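Undergrad: Everything below, folded, please.
(one chain, ligands or ions: 1)
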Amino acid sequence: MALDLIIAGAGGSGLKALQVAEDGCEFNGEQLRLTGFLDDNEALWETDFFGYPVFGNANMVKELFADKTIAVSCPIGDPVARKRMIISLSLTNVTFPNLIHPAAIVSQRATLGVGNILSQGTVIQAGVNIGDFNTFNMLAAVGPLAQIHNYCTINSHTMIASGSLLSSYSYVGMGATIKQKTVVGQGTTLGANAFLNKPTPPWSTWVGVPAKQIAEKPSPFPEDPE
Ligand SMILES: CC(C)(COP(=O)(O)OP(=O)(O)OC[C@H]1O[C@@H](n2cnc3c(N)ncnc32)[C@H](O)[C@@H]1OP(=O)(O)O)[C@@H](O)C(=O)NCCC(=O)NCCS
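TA: Sure, this is the predicted structure:
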């Protein structure tokens, strides 16, 4: 028995999820069968994306699959856009599996919520707690006892060292390193190749080695201060 899987976003991020799905993953013992994509971009509707149909936007997919259970994966890179998409898709017949590439290494002593995507080469060590709807691109590493809340984007070749806390909606640029036991505030953006060695205030942007703050913005989710 296979469960239909639909990926939100027919673009570069969607291809990351496609690769995890095609290279083999399952959900609660059921095979996931990649069925197609959804996208808000009208120009892509009813086109072919790497051999799969683009069904339309989230509403169209909800109508099309109203009478069956489907799995949806949402690899959209922007954490804020990802959360909005997940909210628009949340229905009783939609499940959000963790997509874990067979070449990811996840400790049996780690915990994972739902809707996470772990690309090839992701390493999650013992005692790590991961919430929901996070994406880990290839070769992301998370050290022992680190905590990652929800809707974070962790790009390729990153290191989140032991005991660190990555609060929700954080975006870790490719090649960035977070020093052990660092508390990263909600919605923090860390630039590519940065080395973060101090706590960050919410919705701030940091770049460089060691990282320095270059910007701050108001929260798009003031109702969710974490
Ligand atoms: C940090 C980042 C988000 C800033 O983007 P932005 O808000 O558009 O900011 P700007 O490009 O205007 O840069 C602002 C300043 O920071 C500097 N800067 C930007 N990114 C930097 C980085 N990674 N390291 C060091 N300095 C950086 C810029 O040179 C600029 O400096 P200046 O004011 O002296 O000219 C972005 O540059 C970045 O690193 N994104 C991560 C990319 C990534 O990992 N993508 C993954 C694709 S799979």
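
Undergrad: what's in contact with the longest strand anywhere in the chain?
TA: Under DSSP state E, the strand in the chain containing the largest number of residues is strand 30-38. Residues outside strand 30-38 that contact it (C-beta atoms under 8 Å, 6 or more residues apart in numbering) are 1-10, 14, 18, 21-22, 25-26, 44, 49, 52-58, 60-61, 70-71, 97, 99. Every C-beta, even on glycine, is put in place using the N, C-alpha and C of the backbone.

Undergrad: for the residue sitting nearest the centre point of the chain, what are its contacts?
TA: Centroid-nearest residue in the chain, with C-alpha atoms, centre = their mean: residue 135, separated by 2.2 Å. Contacts for residue 135 (C-beta under 8 Å, 6+ apart) come out as 13, 16, 75, 77, 82, 116-117, 119, 152-154.

Undergrad: rerun at 7 Å
TA: Contacts of residue 135 were listed using C-beta atoms under 7 Å, 6 or more residues apart in numbering, and they are 75, 117, 153-154.

Undergrad: Run me through the strand neighbours of the lowest-mean-pLDDT helix or strand in the chain, direction for each.
TA: Lowest mean confidence among the helices and strands of the chain (mean pLDDT, DSSP states H and E): strand 26-27, at a mean of 74. Strand 26-27 has its sheet partners listed here by DSSP bridges as strand 30-38 (antiparallel).

Undergrad: In helices, which of the contacts of residue 135 fall?
TA: Among these, none falls in helices (DSSP state H).

Undergrad: If any of those residues are buried, put those into a ChimeraX selection.
TA: Buried residues among the contacts of residue 135 (16 or more other C-beta atoms under 10 Å), as a ChimeraX selection:
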select :75,117,153,154
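
Undergrad: From the contacts of residue 135, pick the one nearest the ligand.
TA: Nearest to the ligand, judged by C-beta to the nearest ligand atom, of those is residue 153 at 8.2 Å.
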